[in-house]
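Enquirer: Pasting the sequence and the predicted model now:
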Amino acid sequence: MKNLTTKNKILIIILILVIIAGIIVTANIGLNFDLKYEKTQKIELNLGKEFEISDIKNITNEILQNQEVIIQKVELYKDTVSIIAREITEEQRNNIVEKVNEKYGTELVAENTEILTIPHTRGRDIIKPYILPFIIATVIIIIYMAIKYYKLNPLKVILKTIVICILTQLVLLSIMAITRIPIGRLTIPLVLIVYMLTLIGITTKFEK
Amino acid sequence: MKKIKIITFILTIILITMIAFFGVYVHTQNRMEDKVKGYSYAMDLEGARVIRLKLDSGTRTVIKDGEGKEVKDAEDLTDEELTQKGYTKEEEPYNKDETLNKENYETSKRIIEKRLQELKVNNYTIKLDETNGDIVIELTDNDDTDFVISSLTSMGKFEIVDSQTQEVLMDNNDIKKVDVMYGSTSSTGTAGTSIYLSIEFTKDGAKKLEEISTNYKTEEDEENTDNTTADENTTDENSAADDTSSESEEQAKEITMMIDDEEIMTTSFDEPLRTGTLQLTVGQATSDEKSLTENVQKASGMAIVLDCGNMPLKYSLEGNEYIFSDITDEQLQIVQYVVLAIVAVALIILIIRFKTLGILGVFSYVGLASLFLLVIRYANVILSIEGLFGIGLILILNYIFINSILSKIKKEKDKEIDQINKETYKKFFIRIIPICITVITFTFINWTPISSFGMVMFWGILLMAIYNYIITKNIFKIIENR
């Protein structure tokens, strides 16, 4: 720490505090997962005709009281709608079916529409396919860095590369945990972008 | 001459941009058809096949003897015959109550996941309901999806049992590896290709197999009027015979090979098997391509199912439907407009800072972006959300490159454009070598979101290196005359 400027020291302290806060938040209330990865309930309505997702969204907004909803078209003819929400009660299902019948002139029977439960996706299942590629790439990069910048002390270069790569990812995840940004489909792309930018940053620093 | 070159350059860029963003429409069968290839989207942007696996609540009829042991080959007996023999008929659930626990649900999920990996499914999500064992899988929809699905519900239970006593001699734990092999045959008179399922056993399994093949050796009956030879109804080291039904069955001790409680073959052995492998013929030797493909697919399915281990629970397919992505075209368009707006602002800054050079820099930038979008389509890159971020990253990197080359031209007026270009290239590409390493690694990964990002970045970086060397450098050379 003795070679660091005051500015850098403050930055490091802030980053460490952010990571600690992130760990505390994750340990106590966990990460906030996107609806797609949460345990949800689903109903499917076969309208027999094409429909607009925005129209269905209006109906679900009214009945499910603006709770987060995923609306998808099902099968080739796109004439069936799948509605996914954290919770759909029988009463809510009945009301949705009633409103859909009104809107599209269909004669769907609420009792025939099953409320299916979709289990949650585990965090480790989401990240599992990405671990090996990241490890392989990082190992090759570390070897490259150690050879390319051998004059800067290879051990120091290796340590710095590993620490900075891990730190930036931890900071990103901590910020997501603290700000309750949902872990979803954009998380991995964000991790990738941060990883790439970190690599540029490290190389620029070593080049200087 | 200078003006002509500049105008040619600008017109070419405009043409490429028009093609990339608006397409080339040709009148085909009373309608206008865009001849420019469309984008290929991954599961998250296009849609997925959603499979719902539920624990099988069905039952199977089991016939038991007086001692409570299960009796096979008694299905054809009438109730009276069963009573005479002291057998009883019972309905047994496929999934017994004591097997319905979290551990078995987890094992089943793990085996299904392993099968998906072995079947080279490169994008899927798997969800397990720990309370009731339900499994929901989302996977890429393509020509192989139905075959993949058909391989998921099979239990993969492998057993070699004594045909008479039903004693289990070998099971899944003895299997090391299962492969599919080909072999040319002409024994039936017509040449064809046979498909074999090659089961390699573990060290212990190989010992057991040797013992079994010694104990269950075919006993040649000299008095047998049928004169059945050993070669006709036994398994040798390289091939297993099909069902045997000779009269010599009565003399020989036989084994029955079963997969998922279904009898695959009953046989005895010609000589002891010491190689630790067993090869089963799948289908008949054929030269017909369709039949051959069917046999290969059947064998591959069996090989993967056996290779991944035995599922402790029986699942049945409850739901199988194609669901479109919840990311709609409108949402994608919004993202597109936002990116365009950001790029426009960045390019305006470039024009303000570098004036005429800036305008040419902008044209060059737009040209690269357009060409890049065309390359992605024709290189068959599958676009996932990660791939879209890759496009964004390439746009940022190219902006940084153009900006640094323009800054250098503005600052170092004495230097030749070639020299400036060389220095910028060196500095820029040295800094992105780690990115190049990552990108190349990712292109080889069999997981669509990652490979999509890798492929997009690969083509983007390659195009940046070539395009800026040929186009950007030369256009600055023309205008600066250095």
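Expert: Okay, I see it. Just so we're clear, the structure is a prediction, and the values are computed from it rather than from any experiment.
Enquirer: Now the phi/psi pair for residue A:88, please.
Expert: phi -130, psi 110 (degrees, to the nearest 10).
Enquirer: swap in residue B:360?
Expert: phi -70, psi -40.
Enquirer: tally of neighbours for residue B:375?
Expert: Residue B:375 is flanked by 17 other residues according to other C-beta atoms under 10 Å in any protein chain shown. No exception for glycine: its C-beta is placed from N, CA and C like everyone else's.
Enquirer: Could you pull up the contacting residues of it?
Expert: By C-beta atoms under 8 Å, 6 or more residues apart in numbering or on different chains, residue B:375 lies in contact with B:459, B:463.
Enquirer: From residue B:199, how far out is it?
Expert: As judged by C-beta to C-beta, to the nearest Å, residue B:375 and residue B:199 stand 46 Å apart.
Enquirer: And what about the residue lying farthest from the centre of chain B, helix, strand or coil?
Expert: Within chain B, residue B:414 marks the point farthest from the mean C-alpha position, 56.7 Å out by C-alpha atoms, centre = their mean. Taken by DSSP: H, G, I helix; E, B strand; the rest coil, the conformation at residue B:414 corresponds to coil.
Enquirer: For it, give its distance to residue B:420.
Expert: Residue B:414 sits 10 Å away from residue B:420, going by C-beta to C-beta.
Enquirer: Okay, the residue nearest to the spatial centre of chain A and residue A:33: tell me how far apart.
Expert: Centroid-nearest residue in chain A, with C-alpha atoms, centre = their mean: residue A:184, separated by 1.9 Å. According to C-beta to C-beta, residue A:184 stands 7 Å off from residue A:33.
Enquirer: Same check on residue B:35?
Expert: For residue B:35, the distance to residue A:33 - C-beta to C-beta - is 43 Å.
Enquirer: neighbour-wise, which of the two wins?
Expert: Using other C-beta under 10 Å as the criterion, residue B:35 and residue A:33 rank with residue A:33 on top: 18 against 11.
Enquirer: With adjacent residues omitted, what lies nearest to the more buried one?
Expert: residue A:183 (5.0 Å; C-beta to C-beta, 6 or more residues apart in numbering or on different chains).
Enquirer: just residue A:26 next, same as before
Expert: That would be residue A:177: by C-beta to C-beta, 6+ apart, it lies 4.8 Å from residue A:26.
Enquirer: Now that that neighbour has come up, it's in contact with residue A:31, right?
Expert: Yes: between residue A:177 and residue A:31 there is a contact under C-beta atoms under 8 Å: 5.7 Å.
Enquirer: Can you give me the domain assignment for the chain?
Expert: Let's take chain A. A:6-32+A:122-207, A:39-118 (automatic domain parsing).
Enquirer: Sorry, I should have been clearer: chain B.
Expert: Split by automatic domain parsing, chain B gives B:2-36+B:328-480, B:45-61+B:91-324, B:62-90.
Enquirer: For those domains, give me JSON lines that also has mean pLDDT.
Expert: Shown next, in JSON lines, are these (pLDDT from 0 to 100):
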{"stretch": "domain B:2-36+B:328-480", "mean pLDDT": "92"}
{"stretch": "domain B:45-61+B:91-324", "mean pLDDT": "81"}
{"stretch": "domain B:62-90", "mean pLDDT": "76"}
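Enquirer: Make CSV from those and add distance to residue A:49 to it.
Expert: As requested, the domains of chain B are exported to CSV (distance: least, C-beta to C-beta, whole Å):
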stretch, distance to residue A:49
domain B:2-36+B:328-480, 18
domain B:45-61+B:91-324, 16
domain B:62-90, 49
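Enquirer: quick one: the residue located most distally from the centre of chain A from residue A:206, how far?
Expert: The C-alpha centroid of chain A is most remote from residue A:151, which lies 40.3 Å away (C-alpha atoms, centre = their mean). To residue A:206, residue A:151 is 10 Å away according to C-beta to C-beta.
Enquirer: Could you list the residues of the stretch 301-450 of chain B in contact with chain A?
Expert: Contacts of the stretch 301-450 of chain B with chain A, taken as C-beta under 8 Å from any C-beta of the partner chain, map to B:321-326, B:328, B:385-386, B:388-389, B:392-393, B:427, B:430-435, B:437-438, B:441-442, B:445, B:447, B:449-450.
Enquirer: about what we covered before: from residue A:208, how far off is the residue nearest to residue A:26?
Expert: Residue A:177 is 33 Å from residue A:208, by C-beta to C-beta.
Enquirer: Repeat that for residue B:71.
Expert: 81 Å.
Enquirer: Just the closest residue of the stretch 201-350 of chain B to chain A, please.
Expert: Closest residue of the stretch 201-350 of chain B to chain A, C-beta to the nearest C-beta: residue B:324 (4.4 Å).
Enquirer: does that residue have beta-bridge partners, and which?
Expert: Beta-bridge partners of residue B:324, counted by DSSP bridges, are residue B:47.
Enquirer: unless I'm mixing things up, it is touching residue B:47, no?
Expert: Yes: if you go by C-beta under 8 Å, residue B:324 and residue B:47 touch, sitting 4.1 Å apart.
Enquirer: between those two, which one's more packed in?
Expert: residue B:47 (21 against 17).
Enquirer: Next up, the contacts around that one.
Expert: A:72, B:141, B:322-325 are the contacts of residue B:47 under C-beta under 8 Å, 6+ apart.
Enquirer: Quick check: of those residues, which lies closest to residue A:162?
Expert: The nearest member of the contacts of residue B:47 to residue A:162, counting by C-beta to C-beta, is residue B:325 at 36.7 Å.
Enquirer: distance of the closest one from residue B:391?
Expert: Residue B:325 is 18 Å from residue B:391, by C-beta to C-beta.
Enquirer: got it, and residue B:264?
Expert: 51 Å.
Enquirer: which residue ranges form the strands in chain A?
Expert: With DSSP state E, the ranges of strands along chain A come out as A:40-46, A:69-74, A:80-85, A:116-118.
Enquirer: Tell me which of those is the most buried.
Expert: strand A:80-85 (a mean of 22; mean count of other C-beta atoms under 10 Å in any protein chain shown).
Enquirer: What strands line up against that strand, and which way round?
Expert: strand A:40-46 (antiparallel), strand A:69-74 (antiparallel).
Enquirer: Would you reformat those strands as a markdown table and include distance to residue A:14?
Expert: Formatted as a markdown table, these follow (distance: least, C-beta to C-beta, whole Å):
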| stretch | distance to residue A:14 |
| --- | --- |
| strand A:40-46 | 37 |
| strand A:69-74 | 37 |
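Enquirer: Which among the ones you listed is found nearest to residue B:86?
Expert: Per C-beta to C-beta, nearest to residue B:86 of the strands paired with strand A:80-85: strand A:40-46, 51.5 Å.
Enquirer: tell me the contacts of residue A:88?
Expert: A:41-43, A:64, A:96, A:115.
Enquirer: backbone phi and psi for residue B:201, please?
Expert: According to degrees, to the nearest 10, residue B:201 has phi -100, psi 160.
Enquirer: So it versus residue B:51, what's the distance?
Expert: For residue B:201 relative to residue B:51 (C-beta to C-beta), the value is 32 Å.
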